[in-house]
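A.B. asks: Predicted model follows, preceded by the sequence.
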Amino acid sequence: MFLPEEQPVLTRLTQLGIPFDRYEHPPIATGDEGLEHWAGIEAVHCKNLFLRNQKGTRHYLVILPVTKRAELRLVAEQIGDGKLSFASAERLKTYLGVTPGSVSPFGLIHDTEHHVRVFLDRDLRQADRISFHPNINTRTVVLSFADFEKYLATTWNVVRFIDVTR
């Protein structure tokens, strides 16, 4: 049985003809917790940072391998915005339709006005398969990186590659 939070994601992927694998597990709020539950799942597992600029007028989703730590100053330089900080739970719900711990690029389904700009770590281009929560942190969806790019193209959000570390 699919949960209501994941149903729009799985429906969209199916409509796009994107094959995926789906896994169930206990709630995962951090990448470190995820590593335990993702053992045996062949994919680059990602963490997703939902950020805002200092004025709160722009929002960013930064996607990187769970094994990396983003240098926010470096990210801000490449994005071309001043100081970045984590957006509130209210902003997360407003723009991506998810709660903390379930941040995912699949939340872009809810960003119908394309407010969120997406930045992926360059190293992700090397991934054959990639994984994300389908808008709920008790599930993980794995798909090919090429199919992930296909999905991103359908969201009409700005998508760019950056270096999250020096």
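C.D. replies: Cool, the structure landed. Residues are numbered from 1 along each chain as shown.

A.B. asks: What helix or strand is the closest residue to residue 140 other than its chain neighbours located in?
C.D. replies: The spatially closest residue to residue 140, leaving aside those adjacent along the chain, is residue 23, at 4.6 Å (CB to CB, 6 or more residues apart in numbering). All C-beta spots, glycine's among them, are computed from the backbone N, C-alpha and C. Per DSSP states H and E: residue 23 is located in strand 21-24.

A.B. asks: Let me see the residues that make contact with that strand.
C.D. replies: With contact meaning CB atoms under 8 Å, 6 or more residues apart in numbering, strand 21-24 is reached by 6, 10, 38, 41, 134, 138, 139, 140, 141, 142, 143.

A.B. asks: Tell me how far the residue lying closest to residue 3 once chain neighbours are set aside lies from residue 106.
C.D. replies: Leaving aside its chain neighbours, residue 3 sits nearest to residue 136 (5.6 Å; criterion: CB to CB, 6+ apart). Going from residue 136 to residue 106 by CB to CB, to the nearest Å gives 10 Å.

A.B. asks: Of those two, give the one with the bigger neighbour count.
C.D. replies: More crowded of residue 136 and residue 106, by other CB atoms under 10 Å: residue 106, with 28 against 21.

A.B. asks: Against residue 15, how distant is the residue nearest to residue 3?
C.D. replies: Residue 136 is 19 Å from residue 15, by CB to CB.

A.B. asks: Ok, residue 117 next?
C.D. replies: 24 Å.

A.B. asks: Please apply the same query to residue 44.
C.D. replies: Residue 44 is 25 Å from residue 15, by CB to CB.

A.B. asks: Pull out the buried positions in the helix or strand of the chain with the lowest mean pLDDT.
C.D. replies: None of the helices or strands of the chain scores lower by mean pLDDT, DSSP states H and E than helix 31-37, at a mean of 86. By neighbour count on 16 or more other CB atoms under 10 Å, the buried set for helix 31-37 is 31, 34, 37.

A.B. asks: how close does the residue nearest to residue 3 sit to residue 119?
C.D. replies: 23 Å.

A.B. asks: ok, for residue 62, nearest residue in space, not its chain neighbours?
C.D. replies: residue 49 (4.3 Å).

A.B. asks: by contact count, what packs against the helix or strand hosting the one you found?
C.D. replies: Taking DSSP H and E as the definition, one finds residue 49 inside strand 44-53. Judged by 3 or more CB pairs under 8 Å, 6 or more residues apart in numbering; DSSP states H and E, strand 44-53 is in contact with helix 31-37, strand 59-65, strand 84-86, helix 89-96, strand 129-132.
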